[in-house]
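Chemist: Predicted coordinates and the sequence they were generated for:
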Amino acid sequence: MTSTSTTRDHLHRIAVHIVARARIEASGRFSLRVTPGGFGTPELGPDGRRVRVSGAHLLVESDVEGSAGAWSTAIAGASLAQLAAFAGVDLSETIDVGHDTPALGDVHAPIELDETGAIALAGWYTQSAAILDGVLASLHSGAASTLPRLWPEHFDVAIEAQATAERRVNLGGSPGDASSDEPYLYVGPWTADRPGDPDFWNAPFGAMRTRSELAADPAGPVAAGVAFLLDGYHRLR
């Protein structure tokens, strides 16, 4: 069985070089969405085409009248080149989604993906999306919040919101990184301000709560996650 970080790294590479690449080729944009069982593109054109990962499978969907369908292929054992051919993307073009863009690597090497780990990561994205929905329902109209996007550079799902005229903040969920191997929620102010109790601000970028901390909360992980993100937002107000 591969480690959690290895599973995350494999899926991050696919998110950038297959899924985000499909969106870049269609529109020049690269942000993704949380989709059933994982992550994927929004509709890429009038035919309703989407490219997405569900658990340990890559899917291509189309809503063309008269020939709508969905096609799936297993990621484990396939190479990046084979996944690119399945999704109809061109790996020869260099893409850059930010300074943490994962390397393209050997496109012909088989990918060893742990299905259980992939499903667990998808569950975290689903939970994070539910938490962000709860946050959006509680923000005032002046927050000028964005829709939740999954950013392929850091592989996190997040929104932006205005706390004050001078303070904007990212609120989101990461599947884990150098800060924490465990998935976590975060409050990431755009400024250096850290108002209120300094113990709340427990990360270099702002504040974080891990998945296990949320799971241990008597309120349940979704309610606890909404409360944490709103707490950080209101501290900045």
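Modeler: Yep, that arrived.

Chemist: now for whichever strand or helix holds Thr7, which elements pack on it?
Modeler: With elements delineated by DSSP states H and E, Thr7 resides in helix 4-14, which encompasses its position. With contacts taken as 3 or more C-beta pairs under 8 Å, 6 or more residues apart in numbering; DSSP states H and E, helix 4-14 sits against helix 80-87, helix 115-138. All C-beta atoms are positioned from the backbone trio N, CA, C, and that covers glycine.

Chemist: Export these to a markdown table and append columns for mean neighbour count and mean pLDDT.
Modeler: Formatted as a markdown table, these follow (neighbours: other C-beta atoms under 10 Å; pLDDT from 0 to 100):
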| stretch | mean neighbour count | mean pLDDT |
| --- | --- | --- |
| helix 80-87 | 19 | 98 |
| helix 115-138 | 19 | 97 |
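
Chemist: which stretch among the ones you listed comes nearest Thr94?
Modeler: Smallest distance to Thr94 across the helices and strands packed on helix 4-14 (C-beta to C-beta): 13.9 Å, for helix 80-87.

Chemist: which residues are contacting the closest one?
Modeler: Residues from elsewhere that reach helix 80-87, judged by C-beta atoms under 8 Å, 6 or more residues apart in numbering: 13-14, 17-19, 21-22, 51, 58, 60, 71, 73, 75, 78, 90-91, 104-109, 111.

Chemist: Buried ones among these?
Modeler: Among the contacts of helix 80-87, those buried by neighbour count (16 or more other C-beta atoms under 10 Å) are 13-14, 17-19, 21-22, 51, 58, 60, 75, 78, 91, 111.

Chemist: Which of these fall in strands?
Modeler: Counted as lying in strands by DSSP state E, out of those, are 51, 58, 60.

Chemist: which residue sits closest to the first one in space, ignoring its chain neighbours?
Modeler: Leaving out its chain neighbours, the residue that sits closest to Val51 by C-beta to C-beta, 6 or more residues apart in numbering is Ala22, at 4.2 Å.

Chemist: I'd guessed that neighbour sits against Gly88; true?
Modeler: Yes: between Ala22 and Gly88 a contact is recorded at 7.4 Å, counting by C-beta atoms under 8 Å.

Chemist: just to revisit the earlier point, just give me the closest of the ones in strands among the buried ones among the contacts of helix 80-87 to Ala137.
Modeler: Nearest to Ala137 among these, with distances taken as C-beta to C-beta, is Val51, at 29.4 Å.
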